[in-house]
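[1] Got a sequence here, can you build the structure:
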Amino acid sequence: MSYQTEYDRSMQDPEGFWRKQAEALEWYRFPQQILHTDADGIGHWFADGEMNTAYMALDHHVKNGRGDQVAIIYDSPVTDTRKQYTYAELTDAVARTAGMLADLGVVKGDRVIIYMPMIPEAVIAMLAVARLGAIHSVVFGGFAPPELAVRIDDAKPKVILTASCGIEVKRVIEYKPLLDKAFDLARHKPQSCVIYQRPQATSQLTAGRDHDWNSLLAQAKPVGCTPVKGSDPLYILYTSGTTGKPKGVVRENGGHAVALNYSMKAIYNVEHGDVFWAASDVGWVVGHSYIVYGPLLHGCTTVVYEGKPIMTPDAGALWRVISEYGVKSFFTAPTAFRAVKKEDPEAKLMADYDLSKLQVIFSAGERLDPPTQQWLTEKSGKTVVDHWWQTETGWGITANLWGVEPKPVKLGSSTLPTPGFDVRILDESGKQLARNEQGYIALKLPLPPSCLNRVWGDDNKFRDSYLQFLPGYYTTGDGGYIDEDGYVFVMGRVDDVINVAGHRLSTGEIEEVVAAHPSVAECAVIARDDELKGQVPMGLVVLKSGASIGEEALQKELVARIRDNIGAIACYKDTVILKRLPKTRSGKTLRKTLNKIVNGQEYQVPSTIDDPGVIPEIIETLRSKGYAK
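    Prediction:
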């Protein structure tokens, strides 16, 4: 089938198209109502179907004779550990872990926060929660206590599953002190915390609250799968917003399973038994969709990698894993490729490994810059595909459908809209723009399966955050254009969210920490272009009158504060003290103008600026410190 035929079917008969995809999965009760669209145009998929995602991803394969196939390959260069689980072994581990949670009182609809490193137990925990019909919320292991506390208060979990530590290249991060501080900060107090003890750093258990994972597991009995409705939540995953308070994206069981299973063949061209590797972390949406659920729903072998693209031990780490396990389809963020390119520009280490089984290299999380895409294509000899999606959608909005009809690659483009996604380029009034004209990238409602249709705990927040600006459309928050061949070019965010190595961080959230420093009167945090990470935050600060702190000392203190409050993932390191910030007459700081100055882009000073003389003053200061081009 051609791409156009597939895409047109999804547009002309969405219910028929997605009914067919749903038939590929084993439901307890097949949905009778495929799509219900409410008055706002919000779609609800497979709501009355009965199912269990863990059953579809595990028990179903065992039942159909694939129990001896490898489900998970765990490869940890930071601990020199390798382990494999067959589908039968993984099903048993998940069933017993679900029994452990059931013994702690977890039932259908309860929330469980998972705060863990990249180890098999993290995947087992997610599937065990799903097995019970409960709702998991995975928080990236090592996230700062205030961020964890916000998520505890929003999700109100009954139990937290964690490990004693995470392991970075040169250090061990103990989770227990971070967890204890988050408990102190949070208003909601979970009933229990279960800690998986790792030998690199064990934790002292808090009496009455904490439990040893292995001790509880030894007493637990395996339990079966709890049926849920297609519309019941599978998980909550928090994404940064422009207000600083993260939004809890709700993923429903039915649409999620159908879309991810479809995408494994349509986009990534893998079949039962193929080895698929998404080099990410289960704390992010890529880890949810394409380390855990997508590959297992489709009967693939998935790789759980506890390491880095470089330094574990070198810039050949990715190629080693691909070669050793015969990976057919590989997916990671552009920042990983840039890190490898920086360390091994001639890709000499790649030559040490057999990549013959690797068919395609996929990239997402941020725009894949053409120089990196060209370098990777040339050095690997493989097709390198950029595709674009969001935490909110859970899978690719645009992609090169390698399992349907591969299309020629255009540098800088994430190729064509994926079946189900009606992608439009609109202006501020909602008028559709011509080809090659830049505007807001919007998705016509209803959205296809797997996309969010609500935000946890706030019925209005989804509408207010995503649907209000352009009625009848989901606003992606990205700007770009569609060319004469229908290829989509995503040019970047139109809001104040910084994309650091594929991780979206709110400028408002970072500014709140900077502004809390006792010497800071006001500040603006902008995104400075970075060759390795895509973007990094930069603080432009005005000091309080009489403050005597130097720029170097302030920078060190702000780095420490942001690490404590947001986490090292923010990659904050640059601070410049200014005499004043440029503002409009209404008092709004001109962040976009500052951003363009720092990144050497053309800019126009808005006519609404309060004092045009402030711009040359700022440019002079930035140039003297090597920041303005």
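
[2] pLDDT wise, what is residue 497 at?
    At residue 497, the predicted lDDT confidence score is 67.

[3] now residue 629
    pLDDT, residue 629: 67.

[4] next one: residue 1
    78.

[5] Can you give me the distance of it to residue 114?
    38 Å (C-beta to C-beta, to the nearest Å). In short, each C-beta sits where N, CA and C put it, glycine included.

[6] hang on, residue 292 in a helix?
    Yes. Looking at residue 292 with DSSP: H, G, I helix; E, B strand; the rest coil, it is inside a helix.

[7] For residue 1 and residue 114, indicate the residue with more neighbours.
    Just comparing residue 1 and residue 114: by other C-beta atoms under 10 Å the higher neighbour count belongs to residue 114, 26 against 9.

[8] Against the centre of this protein, work out the most remote residue.
    Each residue of the chain has a distance to the centre, and by C-alpha atoms, centre = their mean the biggest one is for residue 546: 42.8 Å.

[9] The helix or strand bottoming out on mean pLDDT in the chain: what's the following helix or strand?
    In the chain, no helix or strand scores lower on mean pLDDT, DSSP states H and E than strand 503-506, which sits at a mean of 70. Note on strand 503-506: by DSSP states H and E, the next helix or strand toward the C-terminus is helix 507-515.

[10] May I see the buried residues of the helix or strand following that next one?
    For helix 507-515, the following helix or strand on the C-terminal side (DSSP H and E) is strand 520-530. Residues of strand 520-530 classed as buried by neighbour count (16 or more other C-beta atoms under 10 Å): 520, 522-528, 530.

[11] Just put these in a markdown table and tack on distance to residue 387.
    Below are the buried residues of strand 520-530 laid out as a markdown table (distance: C-beta to C-beta, whole Å):
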| residue | distance to residue 387 |
| --- | --- |
| 520 | 40 |
| 522 | 39 |
| 523 | 35 |
| 524 | 32 |
| 525 | 29 |
| 526 | 27 |
| 527 | 22 |
| 528 | 26 |
| 530 | 22 |
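
[12] Need the worst-confidence member of those.
    residue 522 (82).

[13] That one - nearest residue in space that isn't next to it in sequence?
    Excluding its sequence neighbours, the residue lying closest to residue 522 (C-beta to C-beta, 6 or more residues apart in numbering) is residue 542, at 4.9 Å.

[14] Just give me the neighbour total for that neighbour.
    Residue 542: 16 surrounding residues under other C-beta under 10 Å.

[15] Report the angle between the strand or helix carrying it and helix 507-515.
    Element membership for residue 542, per DSSP H and E: strand 534-543. With axes from the mean of the first three to the mean of the last three C-alpha atoms, to 10 degrees as the basis, strand 534-543 and helix 507-515 are set at 40 degrees to each other.

[16] Strands of the stretch 351-500 of the chain, start to end?
    360-363, 383-386, 388-389, 396-399, 416-417, 423-426, 439-444, 473-482, 488-493, 497-500 (DSSP state E, counting those that start in this stretch).

[17] The third one - contacts with which helices or strands?
    Packing partners of strand 388-389 (3 or more C-beta pairs under 8 Å, 6 or more residues apart in numbering; DSSP states H and E): strand 396-399.

[18] Identify the residues contacting the strand it packs on?
    263, 267, 364, 385, 387-390, 414-418, 421, 423, 443, 476, 488, 490 (C-beta atoms under 8 Å, 6 or more residues apart in numbering).

[19] quick revisit: closest one to residue 227 out of the buried residues of strand 520-530, please.
    residue 527 (45.4 Å; C-beta to C-beta).

[20] you'd agree the closest one is up against residue 594?
    No. Counting by C-beta atoms under 8 Å, residue 527 stays clear of residue 594, with 10.0 Å between them.

[21] Nothing else from me, thank you.
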